[in-house]
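K.L.:
Fold the following and give me the result.
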Amino acid sequence: MAQNVNFDLNHPLMEAGLESPADEDGVHDSFNQLIAEQSQNEGLSEAFELQHLQRELDEEGRDNVAYLPSPRHEFRESRPQRRDMWEGDERQTDPLIGERWSSATLKILSSMPSRTIGRNRGAIISQYYNRTMQLRRRRQSRPSIRDFDRSGRPSIRGYGMEMDSPDAEVNKKRKRLVNNLQNLSAGDRVRMLREMPLSVAEKGDLRRLALQKERRSLAGSQISCCSQLKYYIIIGMRHSWYSWLSFVHSLQLWQEALKRVSGRFGTGVLSYFLFLQTLLFFNLFLFLVTGAFMVLPQAVHPPVLPAERRSFSGLELLTGAGYFSESVMYYGYYCNYTLHKSCGDDDGGQDVFVSNGTSLNCVPKGLSYNMPIAYFFTIGAAFFITCIILVYSMSKSFGRSFRIDKSHSILAMKVFCHWDFKVIKKNSVKLMSENICIQLKELLAEVNHKRVQNTVCQKLWRLTVHGLAWTICIGSTIACVLGIYYFSEYMHEQTFRNISQEPLLNEASLLALPVMVSLINLLLPSVFNLAAWMEDYESPSVRTYVAIGRNLMLKVSVLGVLCFHWLGRVASKPSGLKCWESFVGQELYRFLLMDFIFTLLDTLFGEFLWRLFSNKVLKTRRKPVFDIAKNVLDLIYGQTLAWLGVLFTPLLPAVQILKLLLLFYIKKGSVMMNCQAPRKPYRVSQMTTIFITLLCFPSFLGASVSVTYTMWSITPSSSCGPFQGLKTMFQAGKRLMEELEKHNPNLSLLAKAHSYLVENPFFLFVGAGIFLVVIYFHSQVVDGQRKIISLLQEQIENEGEDKKFLITRLQSIHEQKRTPAQRLTSQDSAC
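P.N.:
Numbers count the residues shown, from 1 in each chain. Now for the predicted structure:
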């Protein structure tokens, strides 16, 4: 009777073990290397085997289908009725399924590597017994196991047509293998067990037996005191190292909170909190650098403050002016001389200071700490190191997120290989389960996503809607930017031409511009969301990216107008201002604080009160969805303000750190209590890369250009700050080089290097160009790897089709060589 060959893994025959041997689950990945070596070393034997099978095809007289030898042969023969029932129900979806194969064809199929691997456990144990014997004979020099020649492996392909060895012989070989494993070193034993094509349980048994025998031998032998002490020291050091690694891992900031967010809301919301964590580390680095080289030296040697210093009223927490104006927080407090142990040691008294805190005639003896030089090079070094870290983070993120990973392959990996069996705590197990569940939903949504084919009219309608939405977004952005431009000009004139008699009222009026800008940043994204609702995007990820683009357009436009206001109006025409740098620093402090306050208001009214209104009034359980685009662009906007203000307010990174810490806990609590997961799960594999890119180019690049322009082109205040009396801040470094060259002519090379590398802006553009070229080449390499992997995957699919074609062709040739009488006989037997 003819037997059909089924290639469907979900078929009941495969589950019953008809096509797959009993221990097929013991197949190990190292057999890929074994198959490759067999294909190289056994080409002659395979050719002989194919010639022998071809002679069998010519001599075959009847169509008697052979079956694959397996330990379950008796089981299959004892249940013919169930097998016939399964054959009647199988689906003919593949051209290879449902064909009547000859015995020679099935013999070839049974000798394929995919069907012989893992069939004879006794042969595998015998093979690795021989390998361990060879390894033991070479123990004198103790080479690495990777140095051994692997071409001498005995082939297991020939064992696929035989039955398993008797139990006694297998057990005997097993004991020999255990003895040989016992005599190997720990590293060689682990590598040998990994390469064995056995099941995990079989490997565990072999390892357990080898360890048991080793312990018995160690217990029977006498170990010297020195050896015992050495072993105890090694074990103690290992335990200490692992404990240290566990402690360092436990110090990761917000680890459990991030797992909770990821488990409930997916990778999209998680990317926001990871980005917030990244910004926190950037500000912490900036605060440490400025605090160590600028704030701390000036705080240790403070200048003499005026007697009529303002008292603290509480309004300074909002405006940043008043009492804070004469502190280390702002630029005007820092002196323009070299700090010494005592600036007035020569005359026994202290120098005279003006109200803004600068020295008039302090010329100490000896060089100890030059504050202008420290101020200049600290800001420059901080921005340079931040640029390197950003470029490295962006390059690394490109490599992680733009790699080739099809959703089908990732889905299989998540299902079978993602669980961490070291997790034993109940809470941790629950968090991991939720996390994997959300990731599987995202992957399934990506796999099942299908693009809808629209007609020409539908495409024209969608283009019209998109055009109208973008017109609304661009028009509203332009209107808001123009409003900010004219309002800032009005406030500049009113503040410094008609100064109010009440200082508190004058300081309170300074909050008008920050409140207006923050209100626009709060309300205009709602207009963008309304436009996105009109467009009705099918993919949630596309909708998120479009929202990020529109919010980025708003933030960049607002920051551009504000930079023009500060560096174009206030710095060029500081009418009524004694220290325009301190005023700009106060403005940046107010903008940063107002942005935080309006973010809290948005969290309160947009999430908390909306949830209460939906539950109490509308009687629905519908909750708002966390707006990733708006919240991320708010973070980038605040970080840009911090980078812009570090020149004028050295302690502004500390304010940003406090803001980010509070924002994390407030947002995390609001998300967990007031928000719901997206209705359509989606995977955002490239979201973090986009955030880092936006932080680098529009944000950091814009802040760097503004700070560089201020230091190289704008004249500093003449009565405050470390650069008073200079045409530009940049001349401080130039004067230092001239003094060093004057006192020590051997340093003329350093002065020339400074003039060519620092004074010449060409090298600055060259450095920026090098960074851009590195990023471009890295992205091109990743893109090339993506294309190569796609071609390799296509080649694997084509090779599978080639195998099906060859098997079908072999069967057709066999059918052509048979006589009509033989075909009629085979058909009668099949019926």
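K.L.:
use CA for all of it now, contacts and neighbours both
P.N.:
Will do.
K.L.:
in the helix or strand hosting residue 564, what counts as buried?
P.N.:
Using DSSP states H and E, residue 564 sits in helix 540-564. Using 16 or more other Cα atoms under 10 Å as the burial criterion, the residues of helix 540-564 that qualify are 540-541, 543-544, 546-548, 550-559, 561-563.
K.L.:
likewise stretch 616-634?
P.N.:
Buried, per 16+ other Cα under 10 Å, within stretch 616-634: 623-634.
K.L.:
which strands and helices sit next to the helix or strand where residue 602 lies?
P.N.:
Assigned by DSSP H and E, residue 602 belongs to helix 580-603. Here helix 580-603 touches helix 316-319, helix 512-535, helix 628-645, helix 652-674, going by 3 or more Cα pairs under 8 Å, 6 or more residues apart in numbering; DSSP states H and E.
K.L.:
for the ones you listed, which one ends up most surrounded?
P.N.:
Across the helices and strands packed on helix 580-603, averaging neighbours per residue (mean count of other Cα atoms under 10 Å) puts helix 628-645 on top, at a mean of 23.
K.L.:
Would you mind getting the angle between it and helix 512-535?
P.N.:
Orientation check (axes from the mean of the first three to the mean of the last three Cα atoms, to 10 degrees): helix 628-645 against helix 512-535 gives 150 degrees.
K.L.:
roughly how far out does helix 628-645 sit from the chain middle?
P.N.:
Centroid displacement of helix 628-645 relative to its chain, using Cα atoms, centre = their mean, to the nearest Å, is 20 Å.
K.L.:
Which strands or helices does it pack on?
P.N.:
Using 3+ Cα pairs under 8 Å, 6+ apart: helix 628-645 touches helix 255-290, helix 540-564, helix 580-603, helix 652-674, helix 702-713.
K.L.:
For the helix holding residue 602, buried residues please.
P.N.:
By 16+ other Cα under 10 Å, the buried positions in helix 580-603 come out as 580-596, 598-600, 603.
K.L.:
I'd like the distance between the closest residue to residue 263 other than its chain neighbours and residue 809.
P.N.:
Of all residues not flanking residue 263 in the chain, residue 435 sits nearest, at 3.8 Å (Cα to Cα, 6 or more residues apart in numbering). Using Cα to Cα, to the nearest Å, residue 435 is found at 49 Å from residue 809.
K.L.:
Check residue 235 too.
P.N.:
With Cα to Cα as the criterion, residue 235 and residue 809 are 63 Å apart.
K.L.:
related to what we said a few turns ago, so which of the buried residues of stretch 616-634 comes closest to residue 431?
P.N.:
Distance to residue 431 across the buried residues of stretch 616-634 (Cα to Cα) is lowest for residue 626, with 20.3 Å.
K.L.:
and that closest one, what does it touch?
P.N.:
269, 671, 675-677 (Cα atoms under 8 Å, 6 or more residues apart in numbering).
K.L.:
who does the helix or strand that contains residue 733 touch, helix- and strand-wise?
P.N.:
Using DSSP H and E, residue 733 sits in helix 731-743. Contacts defined by 3+ Cα pairs under 8 Å, 6+ apart place helix 731-743 against helix 371-401, helix 748-754.
K.L.:
Take those and lay them out in TSV including mean pLDDT and distance to residue 706.
P.N.:
Output for these, formatted as TSV (pLDDT from 0 to 100; distance: least, Cα to Cα, whole Å):
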stretch	mean pLDDT	distance to residue 706
helix 371-401	87	12
helix 748-754	76	22
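K.L.:
Can you add distance to residue 715 and mean neighbour count and give these back as a markdown table?
P.N.:
Putting the helices and strands packed on helix 731-743 into a markdown table (distance: least, Cα to Cα, whole Å; neighbours: other Cα atoms under 10 Å) gives the following:
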| stretch | distance to residue 715 | mean neighbour count |
| --- | --- | --- |
| helix 371-401 | 14 | 18 |
| helix 748-754 | 21 | 14 |
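K.L.:
elements contacting the longest helix seen in the chain?
P.N.:
Assignment by DSSP state H gives helix 761-817 as the longest helix of the chain. Helix 761-817 is packed against helix 103-110, helix 371-401, with contacts defined by 3+ Cα pairs under 8 Å, 6+ apart.
K.L.:
so where do the helices sit in the stretch 401-550 of the chain?
P.N.:
Under the criterion DSSP state H, counting those that start in this stretch, the stretch 401-550 of the chain contains helices at 407-417, 426-448, 456-497, 503-509, 512-535, 540-564.
K.L.:
got those as JSON lines, with mean pLDDT columns?
P.N.:
Listed next are those as JSON lines, based on pLDDT from 0 to 100:
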{"stretch": "helix 407-417", "mean pLDDT": "71"}
{"stretch": "helix 426-448", "mean pLDDT": "80"}
{"stretch": "helix 456-497", "mean pLDDT": "91"}
{"stretch": "helix 503-509", "mean pLDDT": "76"}
{"stretch": "helix 512-535", "mean pLDDT": "94"}
{"stretch": "helix 540-564", "mean pLDDT": "93"}
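K.L.:
Would you mind telling me which of those is nearest residue 317?
P.N.:
With Cα to Cα as the yardstick, what comes closest out of the helices of the stretch 401-550 of the chain is helix 503-509 (11.3 Å).
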